[in-house]
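Trainee: turn this into a model:
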Amino acid sequence: MEIRWVIRVCVFAVSIGLAFAQHGYTPADVEEGEALFNANCSICHGTEGDAVPGVELGHGRFRRATSDEELGQIIRNGIPRTAMPSGNFRDHQLTTIVAYLRSIAESAGATVSNSGDAARGKMIFEGKGGCLKCHRVRGNGSYLGPELTAIGINRRSAQLERSILEPDAEILPQNRSFRVVTRDGKTVTGLLLNQDMLTIQLLDSTEHLRLFSKTNLKKFAFIDKSPMPSYQGRLSPQDVGDVVSYLATLKGIRAQ
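Mentor: Here you go, the predicted structure:
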């Protein structure tokens, strides 16, 4: 199973590298384009780019564009007599949005979660995955990790899968753990709630509120590694696909 994942990751990295080389895009372009897409386009197209019938942005299938230039013009000018409006974007912004669309199309076939079972994924998430020990969904679970009630709005399936298999690959600033070491050698790790000139306030790993005076600490700092364990080898590819499918359904509203 692990060899299969390694092969997928290698193929994905090579394909993305080729795409950048062919189009002249950089990872920074893709990151900026993702932010613009999520802020302006995902409302109609969805985070996966498949919310509009007949349009599969996440798989590089466009009705009226065959080149990056044509795609950029559609984003800028819209499509007359359709729901696609014109966009008030500068040239550089158009380039980054196109870069992002190309990158997600390249990554679409590199995941193991294309046909997961969301209902089974929910059972794994709440059961053997142990995810509620750190995460919270619709009022259930822990405050230690990121709140996931609306994660399906903000993260694509490929990103969710990577977070499960490679949690250290991308850690958002607000999700970093914080560690303090007291003068008597005790170490406490948790979620940083507040810090001022004199004190540090943490929610520790047992979800207890801790207040520390900086004068009583030897050192304190954010931790570069994610507190979340990798599930590579702990869950099967099908299990991972099922969990990702479940997470993708979390849109901030209660399921019917």
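Trainee: return the helix or strand in this structure with minimum mean pLDDT.
Mentor: Here the helix or strand of the chain ranked lowest by mean pLDDT, DSSP states H and E is helix 2-23, holding a mean of 44.
Trainee: buried set for whatever helix or strand comes next after that helix?
Mentor: Remark: after helix 2-23, the chain's next helix or strand is helix 27-40, criterion DSSP states H and E. Across helix 27-40, burial judged by 16 or more other Cβ atoms under 10 Å covers 29-30, 32-34, 36-38, 40. C-beta: built from backbone N, CA, C; applies to glycine.
Trainee: off-centre distance for helix 27-40?
Mentor: Helix 27-40 has its C-alpha centroid displaced from the chain centroid by 13 Å (Cα atoms, centre = their mean, to the nearest Å).
Trainee: that helix packs against which elements?
Mentor: If contacts are counted by 3 or more Cβ pairs under 8 Å, 6 or more residues apart in numbering; DSSP states H and E, helix 27-40 sits against helix 91-107.
Trainee: how about stretch 233-243, which residues are buried there?
Mentor: Here stretch 233-243 shows 235, 237-243 as buried, counting by 16+ other Cβ under 10 Å.
Trainee: so of these, which ones are in helices?
Mentor: Among the buried residues of stretch 233-243, DSSP state H puts 237-243 in helices.
Trainee: and these, which is closest to Arg183?
Mentor: Checking these against Arg183 with Cβ to Cβ, the nearest one is Val243 at 42.2 Å.
Trainee: residue ranges in this protein under the pLDDT threshold?
Mentor: 1-23, 58-61, 107-115, 253-256 (pLDDT under 70).
Trainee: can you pull out the strands in it?
Mentor: 136-137, 140-141, 178-182, 187-195, 199-204, 209-213, 217-222 (DSSP state E).
Trainee: any idea of the angle the last one forms with strand 187-195?
Mentor: Just to be clear, that refers to strand 217-222. Relative orientation of strand 217-222 versus strand 187-195 (axes from the mean of the first three to the mean of the last three Cα atoms, to 10 degrees): 70 degrees.
Trainee: can you list the strands that strand 217-222 pairs with?
Mentor: Here strand 217-222 has these sheet partners by DSSP bridges: strand 178-182 (antiparallel).
Trainee: count residues in the vicinity of Ile151, would you?
Mentor: Ile151 is flanked by 21 other residues according to other Cβ atoms under 10 Å.
Trainee: same thing with Leu191?
Mentor: Using other Cβ under 10 Å, Leu191 has 20 neighbouring residues.
Trainee: from here on, count from 53
Mentor: Sounds good: first residue 53 from here, last item Leu243.
Trainee: now for the closest residue to it other than its chain neighbours: which residues touch it?
Mentor: In space, and not counting its chain neighbours, Leu243 is closest to Leu255: 4.4 Å by Cβ to Cβ, 6 or more residues apart in numbering. By Cβ atoms under 8 Å, 6 or more residues apart in numbering, the contact set of Leu255 is 195-196, 242-243, 245, 261-262.
Trainee: who wins for neighbours among these?
Mentor: Within the contacts of Leu255, Gly242 tops the neighbour count with 22 neighbours, counted by other Cβ under 10 Å.
Trainee: list the residues that contact that residue.
Mentor: Here Gly242 is in contact with 196, 229-230, 254-257, 262 (Cβ under 8 Å, 6+ apart).
Trainee: next one: Glu199
Mentor: Contacts of Glu199 by Cβ under 8 Å, 6+ apart are 187-189.
Trainee: beta-bridge partners for it, please?
Mentor: Arg188.
Trainee: that concludes my questions; thank you for your assistance.
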